[in-house]
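1. my questions concern the predicted model and sequence given below.
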Amino acid sequence: MRLPRVWSGPAASRAGTAQSPNPKVRTLEESDAIPKLDRGPSLEGADANGNGVRDDVDHFIERNYPSRPQQTAARQLAANLQETLTVDKQDRVALRAVSIAGIRAVHCVYLRFVGSNDGKRAGAVVYELEAITANTRARLKAYLAYNKAMDGTASSLPEEDTCD
């Protein structure tokens, strides 16, 4: 499933508040054809249970990945992706720690989504979680800034089970 690109628009970014979705988007969200995502101005969003994953992303994971091990792996990656938005882009030690956690989380997704999950493969899971995490202009800019800060670095894939 490829997620449609739904943005709150440039006017919302300038104003610092989320613009409500147009009626077509609202209808698709209400029918669960597309996920209903937080479009607020903060990078963090709401996280009522304090697990490091935005509540809307948690809901998406619960609805779209059937097994508990897959949900756990998806949440590990989602928490890491959320962390990429807020890490200090000037702190090389913090960036490296987030990067290592990200490599471990992606590897965990590939371990838990072996073969297909009703047609969904590990790469699609990673893509979906990136897309719904960076779902506003501010979040996308923060995610791109993280990737720019990590440009030119190298990492290696772990061989052990990396699922938390």
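-> Great, that's in hand.

2. nearest residue to the residue most central in space within the chain other than its sequence neighbours?
-> When Cα atoms, centre = their mean is applied to the chain, the residue found nearest the centroid is residue 133 (3.3 Å). Excluding the flanking residues, the one nearest residue 133 by Cβ to Cβ, 6 or more residues apart in numbering is residue 81, at 4.2 Å. C-beta coordinates here come from the backbone N, C-alpha and C atoms, glycine included.

3. how about that neighbour, what does it touch?
-> 102, 129-130, 133-134, 143 (Cβ atoms under 8 Å, 6 or more residues apart in numbering).

4. please pick the buried ones from these.
-> Listed as buried from the contacts of residue 81 are 102, 129-130, 133-134, 143; burial here means 16 or more other Cβ atoms under 10 Å.

5. against residue 37, how distant is the residue lying farthest from the centre of the chain?
-> Largest separation from the mean C-alpha position in the chain: residue 23, at 24.9 Å (Cα atoms, centre = their mean). For residue 23, the distance to residue 37 equals 17 Å [Cβ to Cβ, to the nearest Å].

6. do residue 60 as well
-> 8 Å.

7. which residues are in contact with both of the two?
-> Contact criterion Cβ under 8 Å, 6+ apart; residues shared by residue 60 and residue 37: residue 132.

8. in the helix ranked longest in the chain, what counts as buried?
-> In the chain, taking DSSP state H as the definition, the longest helix is helix 92-112. Residues of helix 92-112 classed as buried by neighbour count (16+ other Cβ under 10 Å): 95, 98-99, 101-110, 112.

9. just give me the closest of those to residue 28.
-> residue 109 (26.0 Å; Cβ to Cβ).

10. quick check, the closest one in contact with residue 124.
-> No. Shown here, residue 109 and residue 124 do not form a contact pair, counting by Cβ atoms under 8 Å, at 10.0 Å.

11. okay, now the unreliable bits of the chain?
-> Applying pLDDT under 70 to the chain flags residues 1-21, 116-119.

12. ok so, going back, what is the most widely separated pair among the buried ones among the contacts of residue 81?
-> 102 and 134 (13.7 Å).

13. give me the number of residues near residue 149?
-> 20 (other Cβ atoms under 10 Å).
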